[in-house]
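Enquirer: pasting the sequence and the predicted coordinates here, then a few questions.
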Amino acid sequence: MKFKTGDVVFVMHNKNFISKLFASVMGSEWSHSAVVYGELNGEDILLETNDYCVNLNYIKRYIEDKNCSIEVLSRPRQLAIEEIAQLRQQGRPLIGSLYGYLQLISLALRRLFKLKTHNFFRQGLVCCHVIGYCYKGIDSPLKTLDPESFDTQELYEMLVLGGWETVYKKGVE
């Protein structure tokens, strides 16, 4: 299956304790999110975080992983050529940025105490914030938000309420 640049991918590593912990604290079925950034060698690639930094990776790694659940949401309308260029331009400088471990604490505190506040820490990036920066200024539910003001579950809810549709879903095999 081919995805469109700008589609948002939600992932749950079902056999990973840390992933389950993140999802539980956030009240989400998803522990990770990424954005489809384009194609490389004819395959869809994601802009996402890993344990250390923001990087590019193939989406097939999640599709083929029997221990991952995955859902891909697509926009109600396709991005225009200029918007695709803007998304990639805004995402490119993020590559290599450090992972935001302290932000996870901030997100957990916000979620646990139901605080409606921005992140307390702005050191590095977590997965959903990469998507926020890519979509900054592009017509979407994220257009005017602080790219670091939401967690993965809040991102999922905003997109679904914004009319984004599931174009691919896989549970654990």
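Expert: Received it, and whenever you're ready, just let me know what you need. As the structure is a prediction and not an experimental result, all values here were calculated from the model. Numbering: from 1, shown residues only.
Enquirer: tell me where the protein has helices.
Expert: 17-26, 60-63, 81-91, 101-112, 127-134, 152-161 (DSSP state H).
Enquirer: deepest in the core, which of those helices is it.
Expert: Comparing the helices of the chain by mean neighbour count (mean count of other CB atoms under 10 Å), helix 127-134 comes out on top with a mean of 26. C-beta here means a position set from N, CA and C on the backbone, and glycine is covered the same way.
Enquirer: let me see the mean pLDDT of it.
Expert: Across helix 127-134, the average pLDDT comes to 95.
Enquirer: alpha carbons only: can I get that helix in CSV?
Expert: The C-alpha trace of helix 127-134 is given here as CSV (Å, rounded to 0.1, in the frame of the first residue of the first chain):
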residue,chain,number,x,y,z
CYS,A,127,7.3,11.9,18.3
CYS,A,128,4.0,13.9,18.2
HIS,A,129,5.9,17.2,18.3
VAL,A,130,7.8,16.4,15.1
ILE,A,131,4.3,16.2,13.5
GLY,A,132,3.3,19.5,15.1
TYR,A,133,6.4,21.2,13.6
CYS,A,134,5.9,19.7,10.2
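Enquirer: quick one, what contacts E48?
Expert: For E48, the contact set (CB atoms under 8 Å, 6 or more residues apart in numbering) comprises 9, 32-35, 54-57, 127, 130.
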